[in-house]
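K.L.:
Generate coordinates for the sequence data below:
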Amino acid sequence: MRSTYNNNSSKVARFISYNCKSVKRSVDCIRNLCTKADIIALQETWLYPCDLHFLGTIHPDFAYIGTSAVDTSTGPMRGRPHGGVALLWRKGAFQSVSVISCDSVRLAAIRITTGWNRYVKEVHERARLSFQEWSLHGKPSQGPLYTKMVESRRDFKLKLKWCQNHQEQIKMDMLSTHHLNKNFSKFWKCTKKLSPEPGRSVNVDGLNEPSAIANHFKNIFRVKPPQRHAKGRPEKYKKC
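P.N.:
The predicted structure is shown next:
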């Protein structure tokens with residue numbers, strides 16, 4: 001499992017890669033992974049093209065993209081085809097997710113955009129190019145290429161740290177940008193994420209234990225049946 005930063009909190013987005021060896025046989029395990037990760041990469045899904053919609057039934061909070069490497073257009077299958085791949089990602093965990101078209105059925109890809117992109121894009125690009133240049137020259141342990149690589153990585157990490165420490169400012173900037181561009185659907189979506197859900201009360205009339213609180217409410221809302229007045233009975237029905 002790997003981690004990367006997301007734009008919704010100081011927590012990281014969790015990434016899991018899993019060779020499921022038939023997604024239908026491993027669906028319970030995949031559902032369990034959905035409770036622990038934000039992005040799941042699946043290999044060897046073994047789905048027919050007509051069965052790819054099954055990926056959308058794994059977990060209601062996850063969107064999906066998948067490919068089938070099983071070619072059914074030529075009649076009965078011969079030999080051993082490739083297993084197929086898929087990606088699942090948590091809905092609402094990222095600012096936007098778009099599917100990248102791939103030429104091979106052995107590939108599935110998505111592009112994830114976070115609210116930090118405009119803050120770290122420039123330093124990330126510089127760090128990536130510096131690392132590639134350093135790698136192409138044999139990864140020297142000293143010299144100008146090594147110094148450039150180290151300094152660019154340090155700048156990138158500092159910018160990520162800045163984003164972590166200024167998340168509220170970044171969220172307000174996103175709201176302002178959406179409102180300025182009159183993109184009100186994204187504006188209200190981001191506003192909803194800022195509104196915390198009401199928490200549960202932990203103290204009711206001095207009671208803290210769940211069972212005591214439940215009994216307290218039961219006594220308050222108890223509906224007592226109306227009392228019936230005893231009527232006189234004939235002598236033959238009266239008890240001695």
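K.L.:
pretty sure residue 107 contacts residue 87?
P.N.:
No - if you go by C-beta atoms under 8 Å, residue 107 and residue 87 don't touch, sitting 10.2 Å apart. Where you see a C-beta, it was placed from the backbone N, CA and C, and this is true even at glycine.
K.L.:
Who has more neighbours out of the two?
P.N.:
More crowded of residue 107 and residue 87, by other C-beta atoms under 10 Å: residue 87, with 20 against 11.
K.L.:
For residue 64, see how far away the more buried one is.
P.N.:
Distance, residue 87 to residue 64, using C-beta to C-beta, to the nearest Å: 7 Å.
K.L.:
pLDDT weak spots in the protein?
P.N.:
Within the chain, the stretches with pLDDT under 70 are 1-12, 73-81, 95, 113-116, 195-202, 227-240.
K.L.:
quick check: longest strand of it.
P.N.:
Under DSSP state E, the strand in the chain containing the largest number of residues is strand 12-19.
K.L.:
and that one, how far from the chain's centre?
P.N.:
10 Å (C-alpha atoms, centre = their mean, to the nearest Å).
K.L.:
Quick check: what element follows that strand along the chain?
P.N.:
Of the helices and strands lying after strand 12-19 in sequence (DSSP states H and E), the nearest is helix 27-34.
K.L.:
What is the helix or strand just after that following helix packed up against?
P.N.:
Using DSSP H and E, the helix or strand that follows helix 27-34 towards the C-terminus is strand 39-43. Applying 3 or more C-beta pairs under 8 Å, 6 or more residues apart in numbering; DSSP states H and E, one finds that strand 39-43 contacts strand 12-19, helix 27-34, strand 85-90.
K.L.:
which of those sits most buried?
P.N.:
A comparison of these by mean neighbour count, using mean count of other C-beta atoms under 10 Å, puts strand 85-90 on top with a mean of 22.
K.L.:
relative to strand 12-19, how tilted is that one?
P.N.:
150 degrees (axes from the mean of the first three to the mean of the last three C-alpha atoms, to 10 degrees).
K.L.:
Chain neighbours aside, what residue packs nearest to residue 56?
P.N.:
Closest residue to residue 56 apart from its sequence neighbours, by C-beta to C-beta, 6 or more residues apart in numbering: residue 64 at 5.6 Å.
K.L.:
Tell me the bridge partners for the one you found.
P.N.:
Counting by DSSP bridges, residue 64 is bridged to residue 88.
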